[in-house]
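Novice: Provided below are the primary sequence and the corresponding predicted coordinates.
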Amino acid sequence: MKALIVDDERLARNALRRVLRPHEEVEVVGEAGSADEALHAIRKSFPDVIFLDVEMPGGSGFDLLERLEDVPIVIFTTAYDEYAVRAFENNALDYLVKPVSSERLAAALVRAEKALASAAGLLPLYAKGSAGLNQLFVRDRDRCWIVRLCDIVLMEAEGNYTRLYFGTNAPLIYRSLSGIEERLNPTSFFRASRYHIINFSCIESLESASGGRLLVRLTNGKRVDISRRQARKLKSLLSF
């Protein structure tokens, strides 16, 4: 398991290295003292997990996640209990309060190993995906999430923005649908129309419509109308 430590305090980074030392399954591939340094290190080493401080000069841990295209497993490490609820609203794997105890660290690593093992059984969701889980950090006003792509049911264009549907949430992000499509694996997602990309695994039913079109019902209840041209392609892919 490749790990990156992100904390603006050198003593805190050293302390975390010490408690990680007995865990031979963990390889610390680098450290970073700021969001900018972390961004460079992540793109260079593709860590499986990042131990991420929340408050740092020049950008918080949440700011860093927003700049990433592929988000690794995240374990927040901070001295402030008040961030715990927000961290788990982001679907972080775990939350460790400094000074990090060996017991809590061990529990977090077990969870990380399980998450990696689960991810190993999934097809790569990005066409150019890196190691680890393929996730997106999504911020919409004062709420934010870390979302696995396989949990996204539908992507819907709204101008230069895209609305993501997952669970009961539907936040709007400042990314074009075409820009997102370039990063997706076509074996997992399908460009249903000019305005929609659907998750193959979330198709509940297909209904024939007039003019050779198809009406797709998704697991979240949403319906997507597919043109005759794209309907032919979808039928071929699904052997329908």
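Specialist: Sure thing, it's come through. Numbers count the residues shown, from 1 in each chain.
Novice: and the gap between Asp53 and Val224?
Specialist: When Cβ to Cβ, to the nearest Å is applied, the distance between Asp53 and Val224 equals 41 Å. Just so you know, the C-beta spots here come from the backbone N, C-alpha and C atoms, and that holds for glycine as well.
Novice: Compare neighbour counts for these two and give me the winner.
Specialist: Using other Cβ atoms under 10 Å as the criterion, Asp53 and Val224 rank with Asp53 on top: 29 against 19.
Novice: isn't that one right next to Phe62, touching?
Specialist: No: contact criterion Cβ atoms under 8 Å: Asp53 and Phe62 do not qualify, at 10.9 Å.
Novice: Grab the nearest non-local neighbour of the residue positioned nearest the centre of the chain.
Specialist: With distances taken as Cα atoms, centre = their mean, Gln135 lies nearest the centre of the chain, 1.5 Å away. Once flanking residues are discounted, Gln135 sits nearest to Val71: 4.0 Å by Cβ to Cβ, 6 or more residues apart in numbering.
Novice: now swap in Asp81 and tell me
Specialist: Val97 is the one closest to Asp81 (Cβ to Cβ, 6+ apart), at 6.1 Å.
Novice: For that neighbour, list each beta-bridge partner.
Specialist: Legend: beta-bridge partners of Val97 under DSSP bridges are Thr78.
Novice: low pLDDT regions in this structure?
Specialist: Applying pLDDT under 70 to the chain picks out residues 85, 88-90, 118-133, 240.
Novice: so who does the residue nearest to Asp81 touch?
Specialist: For Val97, the contacting residues are 77-81, 84, 104, by Cβ atoms under 8 Å, 6 or more residues apart in numbering.
Novice: Domain map for this structure?
Specialist: 2-120, 152-238 (automatic domain parsing).
Novice: Take these and write them to JSON lines, including distance to Arg143.
Specialist: Shown next, in JSON lines, are these (distance: least, Cβ to Cβ, whole Å):
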{"stretch": "domain 2-120", "distance to Arg143": "7"}
{"stretch": "domain 152-238", "distance to Arg143": "7"}
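Novice: Thank you, goodbye.
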